[in-house]
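1. Any chance you could fold what I've pasted below:
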Amino acid sequence: MIWRRKQSVGYRILFVITIPATYFFCISLMGLFSDSTTNVGYAADWRGRRLLQASELEPPGNDSYNCTPPAINEFPPDGFTRQQRQAGFIIIHFVIAIYLFLLLAIVCDDYFVPSIKKICEKLNVTEDVAGATVMAAASSSPELFINAIGTFVTEGDLGVGTIVGSAVFNILAVPACCALFANEVLKLEWWPVSRDSLAYAFTVLLLILTLWDGRVEWYEALILVACYILYISAMCFNRRISNFIKRISFRRKKYRNICEESPLLPNHLVKETEICGFSLSDQDESLEIVNMTTWPSSTCEKLWWIITWPINLVLLVTIPDCRRKKLRSWYPFTFIMCVMWIATSSYVIGWVITIIGDTFRIPDSIMGLTFLAAGMSVPEAVSSVIVANQGYGAMGISNSIGSNVFDVLLCLGLPWFIKATLLPKIPGQYYVQINSQGLVYSSVSLFSTLVILYGALFINKFALSRTVGVVCLVMYAIFMIFASIVELNTFFVVNLPICID
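-> Just a heads-up that it's a prediction; the model follows:
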């Protein structure tokens, strides 16, 4: 059954998630066992030292901007003190965050994506435009809401760090999952991978230029949104460009294969089949519907059924399942309820993650790069592996690269534009402040991850083998180490210390 295959793939992907979890655990220990007097002294060393951008915001005679205000003050209290959380109660927050990650994955895969498919069918949207717009919005909607929370609520770097971390996870960890857990070597088409890689490289360049001075002007955010509109317009002509590229490639192959004078099989025995696309039938969708009353047979399936049963029950009561025949016409209401669930869950996740970071004195940017980014990207990793095992390896890789374009241009650009123009922090100053300067270096390293992935595929003749998967996994680990070290002010100062109450 399909849900059993999703379960087994989820177990495998937990292996990849252990990498950011390990680094997050080490960083947590560093913050937990650091002496409070050391933190006070560290804050005192910063007295009189301020970032260039922060000095423009600081009123005369006020030293409050020599540290970063804790983002936890923007959320309601959780009922625990920092000492109680450090004594062990923080485990509750970890459990809540992981369970909400699972909730987001189920909402997106079982309800949101089917409703998006129904909307595309009713609007008669082409596959290219649908994949680059509504499908990308469906898979990346948690990142959009997390950045909205980080921009409007905490006014910190939680959303930016999450999207940068998710981009690295999609570029390196998702192909690694597809390569390591696929049933066979995946043959990829060079044109979709090259097209998405080129668009993503241009997107990363825009992100670097936007974050370079530590602030996002309103017109810079507008440029990001406008570039996404141009990207969608270009995707409308994807078929024409693809056919032109195929004709050029066919001509080259024709001259290369002139040495073959006679075919190996007679022409009347050869059947040519052209695959123009694929779709899920109603029967396939019905198989994905979880049975709430059937008790599984194996022990692992029973455990998974017990863990997900409360989530499935609540979603079944609150969201109409448009995959069922009787509720197919309810897809608009399904879409609205999914958006409400994703928005609410993202707020609670942002709240819990902020509490965890405050407990261990970890900057929001590191929380976004590691724990939050990996949790938000699990649905895309699971879906990419499933699609790859079904024989659509190019689709899984293209989806992981293409969704990053949506994340950077729209998930970052749109909240930044609204915040800078309509809700500026200081009246008359139409920009959004970026606290961590380390995100600039992390964004620059995004280029290296893209070059490594494309270079590995190019050398391997666009075959996603286990060797390529191991290379991507190792590079993902190296990036996590580098980004965490930079954000901890190891090489140079990129983060002001968190203000101590």
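
2. element containing the residue nearest the centre of the chain?
-> Nearest to the geometric centre of the chain sits Ser166, at 3.5 Å (CA atoms, centre = their mean). Assigned by DSSP states H and E, Ser166 belongs to helix 158-168.

3. How about Val216?
-> Taking DSSP H and E as the criterion, Val216 maps to strand 215-217.

4. what packs against the next helix or strand after that strand?
-> The helix or strand immediately downstream of strand 215-217 is helix 218-236, counting by DSSP H and E. Secondary-structure packing of helix 218-236 (3 or more CB pairs under 8 Å, 6 or more residues apart in numbering; DSSP states H and E): helix 127-132, helix 190-211, helix 393-406, helix 413-422. For the C-beta atoms, the positions are set from N, CA and C on the backbone; glycine is no exception.

5. among the ones you listed, which is nearest Ser484?
-> helix 190-211 (18.2 Å; CB to CB).

6. Could I get the helices and strands packed on helix 218-236 in TSV, plus columns for mean pLDDT and distance to Ser297?
-> Shown next, in TSV, are these (pLDDT from 0 to 100; distance: least, CB to CB, whole Å):
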stretch	mean pLDDT	distance to Ser297
helix 127-132	59	37
helix 190-211	87	40
helix 393-406	75	30
helix 413-422	89	46
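
7. what's the most buried one of those helices?
-> Per-stretch averages of neighbours, counted by mean count of other CB atoms under 10 Å, single out helix 393-406 among the helices and strands packed on helix 218-236, with a mean of 25.

8. Confirm that Cys120 sits in a strand.
-> No - assigned with DSSP: H, G, I helix; E, B strand; the rest coil, Cys120 falls outside any strand and is helix.

9. Am I right that the residue nearest to the centre of the chain is in contact with Ala381?
-> No - applying CB atoms under 8 Å as the test, Ser166 and Ala381 come out as separate, 10.5 Å apart.

10. mind checking how far the one helix or strand Ile90 maps to is from the chain centre?
-> Applying DSSP H and E as the criterion places Ile90 in helix 90-107. Offset of helix 90-107 from its chain centre (CA atoms, centre = their mean, to the nearest Å): 16 Å.

11. cool, and stretch 305-317?
-> Computed by CA atoms, centre = their mean, the separation of stretch 305-317 from the middle of its chain amounts to 24 Å.

12. Can you list the buried residues in it?
-> Across stretch 305-317, burial judged by 16 or more other CB atoms under 10 Å covers 305, 308, 311-312, 315.

13. Out of those residues, which is nearest to Ala226?
-> Leu315 (36.3 Å).

14. Do you know the pLDDT at the closest one?
-> At Leu315, the pLDDT value in this model is 92.

15. Contact partners for it?
-> The contact partners of Leu315, by CB atoms under 8 Å, 6 or more residues apart in numbering, come to 106-107, 110-111, 341.

16. what's the closest of the residues you listed to Leu473?
-> Nearest to Leu473 among those: Ile106, at 26.2 Å, using CB to CB.

17. Touching, that closest one and Thr308? I think so.
-> Yes - the criterion here is CB under 8 Å, and Ile106 meets it with Thr308 at 6.8 Å.

18. quick one: the residue nearest to the centre of the chain and Arg215, what's the gap?
-> 23 Å (CB to CB, to the nearest Å).

19. looking at it, Pro296 is touching Ile307, isn't it?
-> No - contact criterion CB under 8 Å: Pro296 and Ile307 do not qualify, at 11.9 Å.

20. how about low-confidence regions in the stretch 251-400 of the chain?
-> 251-293, 379-380, 383, 386-387, 390-396, 399 (pLDDT under 70).

21. and the angle for the helix or strand harbouring Ala343 with helix 158-168?
-> Per DSSP H and E: Ala343 is located in helix 331-360. Going by axes from the mean of the first three to the mean of the last three CA atoms, to 10 degrees, helix 331-360 is angled at 100 degrees with respect to helix 158-168.

22. coming back round to it: name the helices or strands packed onto the helix holding Ile90?
-> helix 299-318, helix 331-360, helix 373-389.
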